[in-house]
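Engineer: coords below, sequence missing:
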């Protein structure tokens, strides 16, 4: 006995529905993150952008305050007190910027110097600083004022580590490319009153480190 046309249509619809359901079950839904605010721009030295960009997952610091409320190394491995106003920061060797460029002491020293020069908030704890690369993974910081705990200072929001914008950097906006952040990704569209978008850095998903979740 052959199936009737109606039965065939019903069977086909059931098969199609089952296939669609199986495909839907295998495809994870997009992750949508809601924020009550958006950074005013991508320059971390302006206003409170340093805090906002880190909150958005774009920029990161040498030290952080972790979930337990403890100041802990993040992009840095450790910071050592050399004398009253001098500290030596040793960097992790497995960190890259969101554009895939390895993080070096030269870039970190330049970021700290720019933050300190251009942001009054960055000078609040230390006064003026001189930051210089000692070797590829070591930065020396000399502060105007004595600082009892440099790890705490390096966790402050005005001191994210970022690369100077270049014409070759991805995600250019209005003729100027934004700073390259770290694991969170590269900002692609930051305009007042508009949703911000970002791309995942090329090294983000393959770090194999629990501190960089997929």
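Structural biologist: Done, it's in. Note that the structure is a prediction, hence the values are computed from the model and not measured.
Engineer: hey, where'd the strands end up in the protein?
Structural biologist: Along the chain, counting by DSSP state E, strands occupy 63-65, 71-73, 76-83, 86-91, 129-135, 138-143, 186-189, 197-199.
Engineer: Setting aside sequence neighbours, what's the nearest residue to residue 161?
Structural biologist: Setting aside the residues directly before and after it, residue 161 is nearest to residue 111 in space (C-beta to C-beta, 6 or more residues apart in numbering), at 4.7 Å. Quick note: C-beta positions are derived from backbone N, CA and C, even for glycine.
Engineer: Just to check, that neighbour is in contact with residue 163?
Structural biologist: Yes - using C-beta atoms under 8 Å, residue 111 is in contact with residue 163, at 7.3 Å.
Engineer: who's more crowded, these two?
Structural biologist: When residue 111 and residue 163 are compared for neighbours, residue 111 comes out ahead with 24 against 21, by other C-beta atoms under 10 Å.
Engineer: Look up how far residue 56 lies from the more buried one.
Structural biologist: As for residue 111, its distance to residue 56 is 18 Å (criterion: C-beta to C-beta, to the nearest Å).
Engineer: go on, residue 98?
Structural biologist: The gap separating residue 98 from residue 56 is 12 Å, by C-beta to C-beta.
Engineer: more neighbours, these two?
Structural biologist: Taking neighbours as other C-beta under 10 Å, residue 98 and residue 56 compare with residue 98 leading, 29 against 21.
Engineer: Look up phi and psi at that one.
Structural biologist: Note on residue 98: backbone dihedrals following degrees, to the nearest 10 are phi -70, psi -20.
Engineer: one step back: run through the residues that contact the residue nearest to residue 161.
Structural biologist: 160-163 (C-beta atoms under 8 Å, 6 or more residues apart in numbering).
Engineer: redo that, cut-off 10 Å
Structural biologist: 44-45, 59, 62, 103, 131, 139, 159-164, 179 (C-beta atoms under 10 Å, 6 or more residues apart in numbering).
Engineer: hang on, the earlier thing: residue 154 is nearest to which of the strands of the chain?
Structural biologist: Of all the strands of the chain, it is strand 63-65 that lies closest to residue 154, at 4.3 Å by C-beta to C-beta.
Engineer: Sheet partners, orientation included, of the closest one?
Structural biologist: According to DSSP bridges, strand 63-65 has the following sheet partners: strand 71-73 (antiparallel).
Engineer: List the buried residues for the partner strand?
Structural biologist: Within strand 71-73, the residues that count as buried by 16 or more other C-beta atoms under 10 Å are residue 73.
Engineer: Return the mean pLDDT over it, rounded to an integer.
Structural biologist: Averaging pLDDT along strand 71-73 gives 96.
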